[in-house]
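**Student:** 3D model of this:
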Amino acid sequence: MEEIKSHGIFSFKDEKTQPDPVFEYPSNIANSGIPLVIDNGVYKCRAGWASLEQPQLVFKNITAKQKGKKELDVQVGNEINNVEVVKWILRTQFDRNLVTLYDVQEQIYDYIFAHLGINTEGCVNHPIVMTEALCNPGYCRQQMSELLFECYHVPSVVYGVDGLFSLYNNQKITDLTHSLIVGCGYQNTSLIPVVNGRVSSANCRRINMGGAQLDAFMQRLLQLKYPGHMAAITLSRAEELVRDHCYMAEDYISELEAWTDNDYYENNVTKIQLPYNAAVTGSQLTAEQLKERREQQIRRLKESNAKRRLEKLQMEEEKLRELISVQELLDDEDEEAFNRALSSLRYDTAESLQVEITKLTMSIQRMKAKIKGIDLPVDEEAKKPAVYDLIDIPDDQLTPDQMSIKKRQRMLKNAREGRLRAQAVQRERQQKEMEEEKKLEQRRIKDFNGWLQLIRDKRKKLLDIRNAKKQRKADLAKRRTYASQQRMRKITQLVSGGSKKKKEDTFGQNDADWEVYKEIHPENADSDSEAEEDKLEELETLLKEHDPEFQKEMDQTMGQTGEFDIAEYYRLHLAVEKIRVPELLFQPSMIGIEQAGIAETMDFVLKKFDAETQNKLAQNVFITGGNAMFSHFKQRLEHELLAMRPFQSPFNVSIAKNPILDAWYGARKFSLSPLLTTSSITRAEYEEKGGEYLKEHCASNRYFPTPASNK
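**Tutor:** Numbers count the residues shown, from 1 in each chain. Predicted coordinates for the structure are as follows:
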């Protein structure tokens with residue numbers, strides 16, 4: 001995991017594997033019969049000559065074949081650049097930690113022998129020292145021995161358990177050795193008690209929880225946390241996060257509580273930057289490109305404003321036509337239909353309907369003039385003489401029918417006069433705006449900086465007014481604010497009918513009063529003037545057009561408020577996941593696996609022995625395998641042992657020098673010792689005693705022959 005030091009943010013390495021070279025087969029190795037050591041791990045295979053200090057081949061124990069290709073086109077281990085490619089068919093010889101697909105195992109052997117340069121025809125003339133699963137079934141060993149002896153004609157083979165080989169590399173195993181090995185594998189975790197230098201097979205236990213489950217859990221957690229980056233959070237990247245950033249919590253509950261603190265979170269969270277294509281920034285553009293971009297932004301802004309005004313105009317015209325159609329019911333002498341329509345529109349009287357019509361007429365005329373950029377047209381209605389011949393005649397001189405006509409004439413006259421007044425007011429306002437715009441344009445030409453500052457001041461004033469109205473609206477919507485209480489007090493005075501007699505003011509002290517108040521002050525009532533909003537848009541358009549700094553300020557404001565930061569969007573925050581994922585080894589139930597964790601299983605295994613043997617085992621707890629690389633693993637196990645062991649009883653926990661490679665180192669050390677000769681299974685013994693035959697030694701499984709069938 002690479003770190004961007006200036007920001008303390010990590011990025012993925014996304015390392016690609018390099019194909020293994022084909023090594024030479026020197027004569028000193030070919031003619032001396034040097035053992036070949038193979039650590040046949042579930043995750044990785046490590047192979048090399050015993051005469052060398054390091055394994056020459058280390059690769060993932062998988063094969064891949066493209067869909068539709070022949071079986072000959074198979075890639076192995078490091079030949080596979082990307083295991084996430086969909087077109088690959090991936091195969092492994094393992095079912096959990098047992099080898100079950102021996103055709104795949106044969107491909108792995110071919111790869112090993114070919115890359116080590118072995119060129120002897122039809123055979124491999126070297127003893128094989130290799131690992132096998134703990135308590136490996138006799139049938140699996142039989143198939144493996146058959147493959148080695150019949151296919152490759154090896155002279156001899158030695159089988160051992162990886163955890164025991166690792167212990168052999170770190171400690172001297174004698175007949176008095178007692179140890180409890182915690183073998184952390186890729187598909188499972190094994191607890192292996194060693195009593196008097198030999199594994200106690202009957203008391204071994206396996207937990208179906210290993211590195212594969214941890215990687216999958218990390219991937220799933222992050223995919224659920226960041227569903228927008230599901231494809232980017234691959235299993236390989238999850239594996240990298242588990243390997244580089246996770247650690248074992250000594251006390252899981254207290255660690256969880258610590259992560260709930262904001263300060264602890266900010267100080268300990270790990271940020272991982274996903275790759276993304278950043279947009280071209282302004283600093284990378286030329287002056288001409290910046291000018292062109294600004295002009296495009298202004299043009300889009302003007303088009304957006306014009307479109308919004310047009311949509312609003314269409315809505316208001318439709319509403320005006322509806323109101324006028326209701327008003328025309330009076331001309332048709334259908335008063336009953338008029339009253340029903342008036343009630344459906346929630347207007348109390350014909351006068352309130354006329355007020356709304358006048359208001360809409362003024363708004364429509366103003367928007368039309370702004371969209372078209374012309375003066376308000378003179379309404380033809382003002383030129384036509386109106387005939388209201390019954391209005392001035394006294395009521396006592398009119399018949400009932402004439403009285404009804406007089407009522408309609410009075411209403412129509414009021415409507416006409418309202419429209420004419422609205423047009424006059426709008427025309428006067430437009431004239432003032434035009435004169436003001438001319439003055440501003442002249443000032444812009446003569447004093448550009450002063451004009452720019454004036455536009456900024458006007459915009460600031462409008463923003464202050466709008467914010468104040470919004471704040472007042474928010475205060476009125478809250479029951480306990482001073483503004484809402486003052487308004488409710490005024491309502492109380494109105495309800496009292498102006499009585500001077502002082503009474504106790506209890507309005508607003510219960511929920512029913514609050515419901516009355518909300519009806520009087522509806523939530524959707526917007527006090528912001530449409531004219532103010534339009535004016536604010538005009539001023540901002542002018543500033544964007546003439547003041548380059550204004551756009552920069554707007555961009556900075558957006559960045560500070562965190563509206564959208566593309567880099568942050570592509571950033572993973574690794575927090576409690578760093579302890580939650582490794583905790584699966586101690587609590588498999590977190591993902592629904594009904595098995596005990598390491599601590600409970602260890603306690604169960606220890607209780608299988610007498611008190612004296614328990615003390616000996618507890619004083620030599622040995623951790624090995626890939627998951628032993630988690631920091632604080634030893635401290636966590638010591639914490640668990642302290643809780644489970646009797647008061648003041650001694651215990652000791654140690655970790656392998658190299659938890660990943662110590663199994664191969666131990667097998668190499670074993671192959672160079674006199675034990676190789678006494679522990680090897682020769683071809684003659686294979687043919688005589690069968691493929692499942694095993695010679696026991698300090699690092700092997702126990703041998704239990706399959707009972708002969710009675711036929």
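
**Student:** all strands for the stretch 451-600 of the chain, in order.
**Tutor:** 571-574 (DSSP state E, counting those that start in this stretch).

**Student:** and if you look at the stretch 1-150 of the chain?
**Tutor:** 2-4, 9-11, 36-40, 44-49, 57-60, 63-66, 74-76, 88-91, 94-95, 98-99, 128-132.

**Student:** Tell me which of the ones you listed sits nearest to residue 577.
**Tutor:** strand 9-11 (13.9 Å; Cβ to Cβ). Placement of C-beta: from N, CA and C, glycine included.

**Student:** my guess is residue 637 meets residue 618, correct?
**Tutor:** No: using Cβ atoms under 8 Å, residue 637 makes no contact with residue 618, being 10.9 Å away.

**Student:** thinking again about what came up before, any chance of JSON lines for the strands of the stretch 1-150 of the chain, columns mean pLDDT?
**Tutor:** Below are the strands of the stretch 1-150 of the chain laid out as JSON lines (pLDDT from 0 to 100):
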{"stretch": "strand 2-4", "mean pLDDT": "50"}
{"stretch": "strand 9-11", "mean pLDDT": "88"}
{"stretch": "strand 36-40", "mean pLDDT": "96"}
{"stretch": "strand 44-49", "mean pLDDT": "96"}
{"stretch": "strand 57-60", "mean pLDDT": "94"}
{"stretch": "strand 63-66", "mean pLDDT": "88"}
{"stretch": "strand 74-76", "mean pLDDT": "89"}
{"stretch": "strand 88-91", "mean pLDDT": "86"}
{"stretch": "strand 94-95", "mean pLDDT": "93"}
{"stretch": "strand 98-99", "mean pLDDT": "95"}
{"stretch": "strand 128-132", "mean pLDDT": "96"}
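
**Student:** could you redo these as JSON lines and give each row distance to residue 258?
**Tutor:** Converted to JSON lines, the strands of the stretch 1-150 of the chain look like this (distance: least, Cβ to Cβ, whole Å):
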{"stretch": "strand 2-4", "distance to residue 258": "23"}
{"stretch": "strand 9-11", "distance to residue 258": "21"}
{"stretch": "strand 36-40", "distance to residue 258": "39"}
{"stretch": "strand 44-49", "distance to residue 258": "35"}
{"stretch": "strand 57-60", "distance to residue 258": "36"}
{"stretch": "strand 63-66", "distance to residue 258": "43"}
{"stretch": "strand 74-76", "distance to residue 258": "45"}
{"stretch": "strand 88-91", "distance to residue 258": "40"}
{"stretch": "strand 94-95", "distance to residue 258": "39"}
{"stretch": "strand 98-99", "distance to residue 258": "41"}
{"stretch": "strand 128-132", "distance to residue 258": "40"}
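
**Student:** how about those, which one is nearest residue 214?
**Tutor:** strand 44-49 (15.7 Å).

**Student:** List the strands paired with the closest one, with their directions.
**Tutor:** strand 36-40 (antiparallel), strand 57-60 (antiparallel) (DSSP bridges).

**Student:** so how far is the shortest one from its chain's centroid?
**Tutor:** Translated: strand 57-60. Offset of strand 57-60 from its chain centre (Cα atoms, centre = their mean, to the nearest Å): 32 Å.

**Student:** sorry, back to before: now for the strands paired with strand 44-49, which one comes closest to residue 143?
**Tutor:** Using Cβ to Cβ, the strands paired with strand 44-49 put strand 36-40 closest to residue 143, at 13.2 Å.

**Student:** what residue is smack in the middle of the chain?
**Tutor:** In the chain, the residue lying closest to the centroid (Cα atoms, centre = their mean) is residue 226, at 1.4 Å.

**Student:** Please report how far it lies from residue 686.
**Tutor:** 54 Å (Cβ to Cβ, to the nearest Å).

**Student:** Then residue 694?
**Tutor:** Counting by Cβ to Cβ - residue 694 and residue 686 are separated by 11 Å.

**Student:** quick one, which of those two is more surrounded?
**Tutor:** Comparing residue 694 with residue 686 by other Cβ atoms under 10 Å, the one with more neighbours is residue 694, at 24 against 21.

**Student:** Assign that one to helix, strand or coil.
**Tutor:** The local conformation at residue 694, judged by DSSP: H, G, I helix; E, B strand; the rest coil, is coil.

**Student:** what about the residue nearest to it when sequence neighbours are not counted, neighbour count?
**Tutor:** Counting by Cβ to Cβ, 6 or more residues apart in numbering, residue 703 is the residue found nearest to residue 694 once chain neighbours are left out, at 4.2 Å. Using other Cβ under 10 Å, residue 703 is surrounded by 14 other residues.
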